[in-house]
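K.L.:
kindly return the folded structure for what I paste below:
(2 chains)
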Amino acid sequence: MLSREDIQETLNMIREECLDIRTITMGVSLYDCQSDDERRLADRIYDKIMRSAKDLVSTGNEIEKMYGIPIVNKRVSVTPVAFMAGGISPEGCVRIAHTLDRAAGELGINFIGGYSALVQKGFTNASRTLISTIPQVLSETERVCSSVNVASTKAGINMDAVAEMGRIIVKTAYLTRNAGSIGCAKLVVFANAPEDNPFMAGAFHGVGEPETVINVGVSGPGVVASAVRRAGNCSLAELAELIKKTAFKITRMGQLVAREASSRLNIPFGIVDLSLAPTPAVGDSVARILESMGLEQCGCAGTTAALAMLNDAVKKGGVMASSQVGGLSGAFIPVSEDEGMISAVRSGSLSLEKLEAMTAVCSVGLDMIAVPGDTSEAVISGIIADEISIGVANTKTTAVRLIPAFGKTVGDTVSFGGLLGEAPVMRINTGSPAGFISRGGHIPAPIHSLKN
Amino acid sequence: MKAVISVVGKDSIGIIARISASCAECGVNILDISQTVLHGYFTMIMITDIDRITVPFTEFVDRMSKLGNETGLQIHAMHEDIFNSMHKI
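P.N.:
This next block holds a predicted model:
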């Protein structure tokens, strides 16, 4: 028989500590949509997505009701569109993006991921075309998310792509200037991008994935923060144990929902992503976990160590709870989406440099960070190169989602609304890396990539 | 299969009677009730058997929520698997 204490603990997690399933993301392969006719290609993509995901939202809602746990987002990720765009004109690429947007709207989902290209080793003609259309696409669509993988530990860093993404981000910020440069919040530059990531804006359906798949992302920073607070003055080893146990419980929710969704939709279960994903809501912050571990404010000395321990404990607890783990799996530190991070930036405790150090020990990277609108393309590319190098050298995923907020300067705030939150514009080092970036070419893969 | 019904809110006469009547109407059998009143605040956890439920479970969930709204209480019915998966290996 279920014990009253166990029932009460679960109810508290859901009602008081913001425990939820952050997303059920259905991956859909577009390979069978190929056509040399741009209109037919777009029509086939639309039909495939609508056919595959027609029951996604209603099924998610039913599961939510049955178990009484909120499932915040239902989303779709597709094969990186650059793979579908061989021989297609820029207008054809934009047409596909509008098709994705329309399908997402009709399905009732808030984001669709996969307007993406993988260029870690070099550009194909199609990936070059697709990347050139990203600013237009992000300014003309509402729900389409884009990502570009510019590096991997195996391939090294495509510095031409890094330079190009600096230009693309600045242009996207300009084209969406009337909405706080929000286009940049839907664009991720990756190193070692995971192919089964359920979280936006970086989700796409990887090349080795099945026809369709269900991936689930869990959340629960508030649950971990409460557990740490309740633990009181214990040692760090004891704290790590406690975080592991809490992560286990959170992940079991994800596993249950993923299995249920997979069986109801008759689509294979892919992975549970063990991430601690914050939201702008009070009580749902990763920064507050670090502070409840004993830091005066997130960003002070000790922050990287605390985050490293948190991230490791979350994975160790989570991995026991799910049959298949994947995606990004780690603590997220998106500034605009985390109430504690926003507060730490405002008070001057958290700098861009400290955030960069923190990304060496957690997922994902410099995420949802607003920088001054007059930041040069070369500086953006330099920030990307730094962050991507951390991923390549450490054989982990890193990503950059910077918003050079048009017309804004340090101290201003950009507001995106909803889960994207609001970001204080951060001070950055404005010294120019233009000479380094303009060299172009390729930074070779690190020696430890040669494992065979 | 079992379901857990949790009730929280201001105490009043007949809370259990109303919930039990709704359960009986839907073929839901009550197995265990654990209930307290502290400072006029009523909390109850009810474990029920839903093997012979006569309506779809999601409809039962809606009925409970509606009953909660009518009586100024928070009433939630949840499938037992969420608790089992979290607390049992």
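K.L.:
ok and the residue in chain B nearest chain A?
P.N.:
Distance from chain A to each residue of chain B (Cβ to the nearest Cβ) is smallest for B:Met78, at 3.6 Å. (C-beta placed from N, C-alpha, C; glycine too.)
K.L.:
number of residues surrounding residue 84?
P.N.:
As the question left the chain open, I've gone with chain A. By the measure other Cβ atoms under 10 Å in any protein chain shown, the count of residues near A:Met84 is 24.
K.L.:
my question was about chain B, not that one.
P.N.:
Neighbourhood size, B:Asn84 [other Cβ under 10 Å]: 14.
K.L.:
for it, what are its contacts?
P.N.:
A:Leu2 (Cβ atoms under 8 Å, 6 or more residues apart in numbering or on different chains).
K.L.:
what strand or helix carries it?
P.N.:
Per DSSP states H and E, B:Asn84 falls inside helix B:81-87.
K.L.:
how close does the residue nearest to A:Tyr31 when sequence neighbours are not counted get to chain B?
P.N.:
Nearest in space to A:Tyr31, with sequence neighbours left out and distances taken as Cβ to Cβ, 6 or more residues apart in numbering or on different chains, is A:Thr79 at 6.3 Å. Distance, A:Thr79 to chain B, by Cβ to the nearest Cβ, to the nearest Å: 32 Å.
K.L.:
do I have it right that A:Thr79 meets A:Asp32?
P.N.:
No: between A:Thr79 and A:Asp32 there is no contact under Cβ atoms under 8 Å: 10.0 Å.
K.L.:
and those two? Which one has more around it.
P.N.:
Neighbours were counted for A:Thr79 and for A:Asp32 using other Cβ under 10 Å; A:Thr79 has more, 23 against 9.
K.L.:
burial of A:Ala173, as a residue count?
P.N.:
Close neighbours of A:Ala173, defined as other Cβ under 10 Å, add up to 30.
K.L.:
could you do the one 10 residues further on as well?
P.N.:
When counting by other Cβ under 10 Å, one arrives at 28 neighbours for A:Gly183.
K.L.:
in three-state terms, label it for me.
P.N.:
Of the three states, A:Gly183 takes helix according to DSSP: H, G, I helix; E, B strand; the rest coil.
K.L.:
contacts only, for A:Asp273.
P.N.:
Going by Cβ under 8 Å, 6+ apart, A:Asp273 touches A:197-199, A:215-218, A:254, A:325-329.
K.L.:
wait, a helix at A:Leu19?
P.N.:
No: per three-state DSSP, A:Leu19 lies outside any helix segment and is coil.
K.L.:
where does the residue of chain B closest to chain A fall, phi/psi-wise?
P.N.:
phi -130, psi 140 (degrees, to the nearest 10).
K.L.:
ignoring the adjacent residues along the chain, who's closest to A:Gly206?
P.N.:
A:Glu195 (2.1 Å).
K.L.:
how about the residues of chain B near chain A?
P.N.:
Residues of chain B lying close to chain A by Cβ under 8 Å from any Cβ of the partner chain are B:2, B:4, B:6, B:32, B:34, B:45, B:47, B:57-58, B:61-62, B:76-87.
K.L.:
just the buried ones from those, in ChimeraX syntax?
P.N.:
ChimeraX command restricting the residues of chain B next to chain A to the buried ones, with burial defined by 16 or more other Cβ atoms under 10 Å in any protein chain shown:
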select /B:2,4,6,45,47,57,58,61,76,77,78,79,80,81,82,83,85,86,87
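K.L.:
ok so, going back, what pLDDT does the residue nearest to A:Tyr31 get?
P.N.:
For A:Thr79, the model assigns a pLDDT of 98.
K.L.:
so what touches the helix of greatest length in chain B?
P.N.:
Of all segments of type helix in chain B, defined using DSSP state H, the longest is helix B:57-71. Residues outside helix B:57-71 that contact it (Cβ under 8 Å, 6+ apart): A:62, A:65-66, A:68, B:3, B:5, B:7, B:9, B:12, B:15, B:18-19, B:22, B:26, B:28, B:50, B:53, B:55, B:73-79.
K.L.:
repeat the analysis, applying 6 Å as the threshold.
P.N.:
A:Glu62, A:Lys65, B:Ser22, B:Cys26, B:Gln74, B:Ile75, B:Ala77 (Cβ atoms under 6 Å, 6 or more residues apart in numbering or on different chains).
K.L.:
repeat for stretch A:355-369
P.N.:
A:304, A:307-308, A:311, A:328, A:330-337, A:387, A:390, A:398-402, A:426.
K.L.:
pull out the buried positions in that stretch.
P.N.:
A:355-356, A:358-369.
K.L.:
could I get the buried residue list for the helix or strand B:Ile16 falls within?
P.N.:
Assessed by DSSP H and E, B:Ile16 sits inside helix B:15-25. Within helix B:15-25, the residues scored as buried using 16+ other Cβ under 10 Å are B:Ile15, B:Arg18, B:Ile19, B:Ser20, B:Ser22, B:Cys23.
K.L.:
quick one: the third one and A:Pro278, what's the gap?
P.N.:
Per Cβ to Cβ, to the nearest Å, B:Ile19 is found 36 Å from A:Pro278.
K.L.:
what residues does the stretch 151-300 of chain A put near chain B?
P.N.:
Applying Cβ under 6 Å from any Cβ of the partner chain, we find that the stretch 151-300 of chain A lies next to chain B at A:Lys249, A:Arg252, A:Leu256.
K.L.:
nearest residue to A:Ile380 other than its sequence neighbours?
P.N.:
Leaving aside its chain neighbours, A:Ile380 sits nearest to A:Gly166 (4.1 Å; criterion: Cβ to Cβ, 6+ apart).
K.L.:
against chain B, how distant is the one you found?
P.N.:
Distance, A:Gly166 to chain B, using Cβ to the nearest Cβ: 45 Å.
K.L.:
before we move on, what about A:Val213?
P.N.:
For A:Val213, the distance to chain B equals 21 Å [Cβ to the nearest Cβ].
K.L.:
what mean pLDDT does the particular helix or strand that has that residue in it have?
P.N.:
Following DSSP H and E, one finds A:Val213 within strand A:212-218. Mean pLDDT, computed over strand A:212-218, is 95.
K.L.:
about what we covered before: looking at the contacts of helix B:57-71, state which has the most neighbours.
P.N.:
Within those, B:Ala77 tops the neighbour count with 30 neighbours, counted by other Cβ under 10 Å.
K.L.:
just checking, it is part of a strand?
P.N.:
Yes: checked against three-state DSSP, B:Ala77 lies within a strand.
K.L.:
residue ranges with poor pLDDT in the stretch 201-350 of chain A?
P.N.:
For the stretch 201-350 of chain A, no stretch has pLDDT under 70.
K.L.:
for it, what spans make up the helices?
P.N.:
Counting by DSSP state H, counting those that start in this stretch, one finds helices in the stretch 201-350 of chain A at the ranges A:221-231, A:236-265, A:286-292, A:303-321, A:339-346.
K.L.:
of those helices, give the one that comes closest to A:Met50.
P.N.:
Closest to A:Met50 of the helices of the stretch 201-350 of chain A is helix A:236-265 (Cβ to Cβ; 14.2 Å).
K.L.:
give me the contacts around stretch A:405-421.
P.N.:
Contact partners of stretch A:405-421, identified using Cβ under 6 Å, 6+ apart, comprise A:173-174, A:177, A:180-182, A:185, A:279-280, A:336-337, A:370, A:372-373, A:422-425, A:427.
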